[in-house]
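Give me a model of this one.
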Amino acid sequence: MKLKTMATAAAIALTAYAGAAFGDDDHKPKHGGIVVEGKALDMEIVAKPDLIQVYPSDHSKPVKVEGAKGKLTLLNGTEKTEVDLVPAGDKLEAKGSFKIAKGTKGIASVTLAGKQATVARFEIK
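Residues are numbered from 1 along each chain as shown. Next comes the predicted model:
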């Protein structure tokens, strides 16, 4: 009986460790934005009325955006705004005037080294 209890305790400890090591922090925003999972990459999207930033990452590790391209589509009801994202340090960004409000939906598409890396859908809450 004592062995079964020890095995259960070990299993619980390993599960907790695996959660901490593999993923609990993967989807927490590091820049105050919204983290969205894509097929190939994750993206943190920071949307402000004058600036939109997209931080691509692979398992919470930043991805180099040198030579990358991106496009962002914002949807507010029937209003649609499309902007190009350009590399700026460790992120892609677009400067301008954007309608950002609760309920704004968006689609971010990022291409790295000529290959479609990921497409992510998000909503401002």
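
Tell me where the model's unsure across this structure.
1-26 (pLDDT under 70).

Spatially central residue for it, please.
When C-alpha atoms, centre = their mean is applied to the chain, the residue found nearest the centroid is M43 (2.1 Å).

what sits against it?
By C-beta atoms under 8 Å, 6 or more residues apart in numbering, the contact list for M43 reads V35, V36, V54, Y55, P56, S57, A108, V110, T118, A120. For glycine as for every other residue, the C-beta is placed from the backbone atoms N, C-alpha and C.

Mind doing that once more with 10 Å?
The contact partners of M43, taken as C-beta atoms under 10 Å, 6 or more residues apart in numbering, are 33-37, 54-57, 63, 70, 91-92, 108-110, 117-120, 122.

likewise K125?
Residues near K125 by C-beta under 10 Å, 6+ apart: I34, K102, G103, T104.

go with 8 Å
Taking C-beta under 8 Å, 6+ apart, one finds I34, K102 in contact with K125.

Could you measure from it over to K91?
Using C-beta to C-beta, to the nearest Å, we find K125 at a distance of 21 Å from K91.

next one: H59
To K91, H59 is 17 Å away according to C-beta to C-beta.

what's the answer for L74, then?
Applying C-beta to C-beta to L74 and K91 gives a distance of 17 Å.

With G114 instead?
Here the criterion is C-beta to C-beta. By it, G114 lies 19 Å from K91.

Between those two, which has more neighbouring residues?
Neighbour count, other C-beta atoms under 10 Å: between G114 and K91, K91 has more, with 23 against 8.

burial measure for K105, as a count.
Considering only other C-beta under 10 Å, K105 is surrounded by 13 other residues.

cool, G89 as well?
Neighbours of G89 under the rule other C-beta under 10 Å: 9.

try A47
A47, neighbours per other C-beta under 10 Å, totals 21.

so how far is V36 from it?
Relative to V36, A47 is positioned 12 Å away (C-beta to C-beta).

partners of V36 in the sheet?
Bridge pairing for V36 (DSSP bridges) gives the partners M43.

Give me the distance between it and G114.
Using C-beta to C-beta, V36 is found at 22 Å from G114.
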